[in-house]
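Colleague: Could you work out the structure for the sequence below:
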Amino acid sequence: MKNSVRISLIGAGIIAISMVGATSTGSYSIYHESAVQLNSSGSPSARTGAPGEATCTSCHNGSVLDGNAGVNSLTLVAGGTEYVPDAVNVMQLTFNDASSKNGFQLVALNEAEEMAGSLAVSDATNTKFVASAFLNREYITHTSNGTTLSTWTFDWSAPSSGDVTFYVATNRTNANAQNTGDIVYVSEHTFNAPSIASVVAEEIDILPFVVGYNPDKQQAFLDFTVNQKEELYLNVADMNGKSVFFERLGNYAPGNYSNKVHLDHLEKGMYNVTLFMNNKPFSGKIYIQ
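Modeller: Residues are numbered from 1 along each chain as shown. Sure thing, here's the model as predicted:
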């Protein structure tokens, strides 16, 4: 890709830079004033290193390094790599090579390199929302207060299915208020929708307990085997571990059982269903959509 850069003086001590480059979707134009200053109030859009985008080095003269080997750590606060479809997932970015002044920007794209779900600010003091109308993408980046941090949180409303890759660029500055000597790390982080096949496999592995969900009747069905007289309890928890349903099922004699439990008050999302037999837990997952 060839970029053309035009530099002109505008007044005393102010530099304007216009960059034109080719992307996978067309061309884009970037314009900054006072480019020698750190973007302390948030990075302009399209600086994540994602397909068709530049990185922070559009404004900061420094090295671009691989941040995948633990430098940039992006996680679901609920844990794991499977997101909850059609729901708000709380995300956390940790920059493990931070200095006294740091910046970041990230975007979430699907396999077609289009915006996957939507991003939202959950910490307005330290993070902000920016967008690119040309690329039709949304971004989360730092604020002035956020440059003093190395960990940031935000909300992501996930799509209903598909693999989603977050493209992340972090900037380790030397805090000299200039555009020289900074280090930029770029990384990719992929999250998946829960697989029905994997849920079924997990249920088979934990016999004598199998759990499923009937969306038409808004019922969870429980198939389980009792080997001796036991007292049973049922607990349903969301992916943050919060109990949303608890019931004492009573005493059961040895045998095979099929029970149904109404769960019509629950919101959409993934839930852990645990059956306690004499305090021994047997667990499975259900997905309510």
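Colleague: Give me the pLDDT for the residue nearest the centre of the chain.
Modeller: Closest to where the C-alpha atoms of the chain average out (Cα atoms, centre = their mean) is Met91, at 4.5 Å. Reading off the confidence values, Met91 has pLDDT 94.
Colleague: Surely it and Ala78 touch.
Modeller: No. Shown here, Met91 and Ala78 do not form a contact pair, counting by Cβ atoms under 8 Å, at 9.7 Å. Every residue, glycine included, has its C-beta placed from N, CA and C.
Colleague: got any ranges where the stretch 51-200 of the chain has weak pLDDT?
Modeller: Within the stretch 51-200 of the chain, the segments meeting pLDDT under 70 span 57-62, 176-181, 195-200.
Colleague: 50 - rerun?
Modeller: Within the stretch 51-200 of the chain, the stretches with pLDDT under 50 are 197-200.
Colleague: just so I have it, where are all the helices in it?
Modeller: Listed from the start of the chain, the stretch 51-200 of the chain has helices (DSSP state H, counting those that start in this stretch) covering 196-205.
Colleague: can you give me the strands for it?
Modeller: Chain-ordered strands for the stretch 51-200 of the chain, with DSSP state E, counting those that start in this stretch as the definition, fall at 61-66, 72-76, 88-95, 102-109, 118-120, 127-132, 137-142, 151-157, 164-172, 180-191.
Colleague: would TSV of these with distance to Leu266 be doable?
Modeller: Formatted as TSV, these follow (distance: least, Cβ to Cβ, whole Å):
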stretch	distance to Leu266
strand 61-66	42
strand 72-76	20
strand 88-95	15
strand 102-109	26
strand 118-120	23
strand 127-132	30
strand 137-142	29
strand 151-157	18
strand 164-172	24
strand 180-191	23
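Colleague: Which residue ranges make up the domains of this protein?
Modeller: Using automatic domain parsing, the domain parsing of the chain gives 39-191, 196-288.
Colleague: tell me the most buried of the ones you listed?
Modeller: domain 39-191 (a mean of 19; mean count of other Cβ atoms under 10 Å).
Colleague: what's the spacing between the residue lying closest to Thr143 once chain neighbours are set aside and Ala87?
Modeller: By the measure of Cβ to Cβ, 6 or more residues apart in numbering, the closest residue to Thr143 outside its immediate chain neighbours is Lys128, 5.1 Å from it. Using Cβ to Cβ, to the nearest Å, we find Lys128 at a distance of 23 Å from Ala87.
Colleague: Also Asn174?
Modeller: Distance of Asn174 to Ala87, given as Cβ to Cβ: 40 Å.
Colleague: same thing with Val77?
Modeller: Computed as Cβ to Cβ, the Val77 to Ala87 distance reads 13 Å.
Colleague: Ser45 now?
Modeller: Computed as Cβ to Cβ, the Ser45 to Ala87 distance reads 26 Å.
Colleague: And Ser283, by the same measure?
Modeller: Following Cβ to Cβ, the distance that separates Ser283 from Ala87 is 20 Å.
Colleague: ditto for Gly79
Modeller: The span separating Gly79 from Ala87 equals 15 Å under the rule Cβ to Cβ.
Colleague: and stretch 50-70, how far from the chain's centre?
Modeller: Taking Cα atoms, centre = their mean, to the nearest Å, the mean C-alpha location of stretch 50-70 is offset from the chain mean by 20 Å.
Colleague: Quick check: nearest residue in space to Gly162, chain neighbours excluded?
Modeller: Asn110 is the one closest to Gly162 (Cβ to Cβ, 6+ apart), at 5.4 Å.
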